[in-house]
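1. Sequence first, then the predicted structure:
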Amino acid sequence: MTDEPTVVAVVVTHRPRPELVTPLLEALAAQCAHVVVVDNGSSAQAVADLRASGARLGVDVVALASNEGIAHAQNVGIARARELDADWVLLSDQDSLPAADMVEQLLAGARRATARGDRVAAVGPVSSDTRSSTEQMVYVSRRWGPRRARPDEVHDGLVDAAFLIASGCLIEAAALDEVGGMNADWFIDHVDLEWGLRARRAGYGLYAVTDAHLDHELGDRLTKLPGRAQEVHVHSPVRTYYLTRNTVLLIRSGLMSRAWSVGYVVWLAKYVAFNSLLAAPRRRRIPLMVRGLRDGLRGRVGPLR
């Protein structure tokens, strides 16, 4: 009988690219007791390809009839993971690739945090964007909200994180009982941040494990702006609706301090300005952001109709 905890990976897919998903599933199958794929309304051929890979690797594939949002799909996968007696649930996007020892390092980090008396909700890796030589996505708390950690803060050990990016996030199953699942009403964007804020409010900690590594593509592309060292992630026009709406919902949620709320108002103003002036196609983005602002202020949730 082993004392090793049971880790079940949950991968959410939507129109997956086999050349990316197959290596991901192989890497997760080698590190986790079970892998569950929840597909969000992809074509019949894409689902058939997933099932073929799943049969070879022992992966469960749950195919949803339509795209119901990443949060709902994560909750479906989490429920299946609980049926498989998961002690820990590892979330993953389809465009990620974990290091061969990522899960081992995450569990070791969780044990270190627990040993020093912390209540651990989740641990996550140091995520790097494969399209950039400088991207390192670890977010820590600052006065005005979450900010990227400085390189000197991401050293050997644990980093107290403001929140954890969903892909690569290893969640303790027991914490889900108290914190709850992902907010399916938000569909996509800021879902991981909102869950992390609920976890912190419940007295849990979130930690980036600096020995755990994940390659992850965030956004559709990266761009550089004059006078700004950090690259900007550019999303599709439809995502500007969700990011705008959910930022407003986040500000109104009561989960953040006043300073963080002010910080996100400033962030949203910059985001709207960038997408209105510099990100093509502007004529598509601007109406979607206006609608996102309106729906956020009115408290409208769910998918864009």
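-> Cool, the structure landed.
2. Going along the chain, name the strands of the stretch 51-200 of the chain.
-> Using DSSP state E, counting those that start in this stretch, the strands of the stretch 51-200 of the chain run over residues 60-64, 88-92, 96-98, 120-128, 139-142, 145-148, 158-160, 170-172.
3. To M256, which of these lies closest?
-> M256 sits nearest to strand 145-148 of all the strands of the stretch 51-200 of the chain, at 7.5 Å, using Cβ to Cβ. C-beta: built from backbone N, CA, C; applies to glycine.
4. same for the closest one, what does it pack against?
-> Contact partners of strand 145-148 among helices and strands, from 3 or more Cβ pairs under 8 Å, 6 or more residues apart in numbering; DSSP states H and E: strand 139-142, helix 258-277.
5. That strand pairs with which strands, parallel or anti?
-> With DSSP bridges as the test, strand 145-148 is paired with strand 139-142 (antiparallel).
6. tell me the mean pLDDT over the partner strand?
-> Mean pLDDT, computed over strand 139-142, is 96.
7. Give the buried residues for that strand.
-> For strand 139-142, burial by neighbour count (16 or more other Cβ atoms under 10 Å) applies to Y139, V140.
8. Now find how far off-centre that strand is within its chain.
-> Centroid displacement of strand 139-142 relative to its chain, using Cα atoms, centre = their mean, to the nearest Å, is 16 Å.
9. what sits against V209?
-> Neighbouring residues of V209 by Cβ atoms under 8 Å, 6 or more residues apart in numbering: Q105, L106, A108, G109, A110, V123, G124, P125, V126, L158.
10. Same check on W186?
-> Counting by Cβ under 8 Å, 6+ apart, W186 touches G69, A71, E194, Y242, N246, L249, V301.
11. And V154, by the same measure?
-> Contacts for V154 (Cβ under 8 Å, 6+ apart) come out as V126, Q136, V138, A208, T210.
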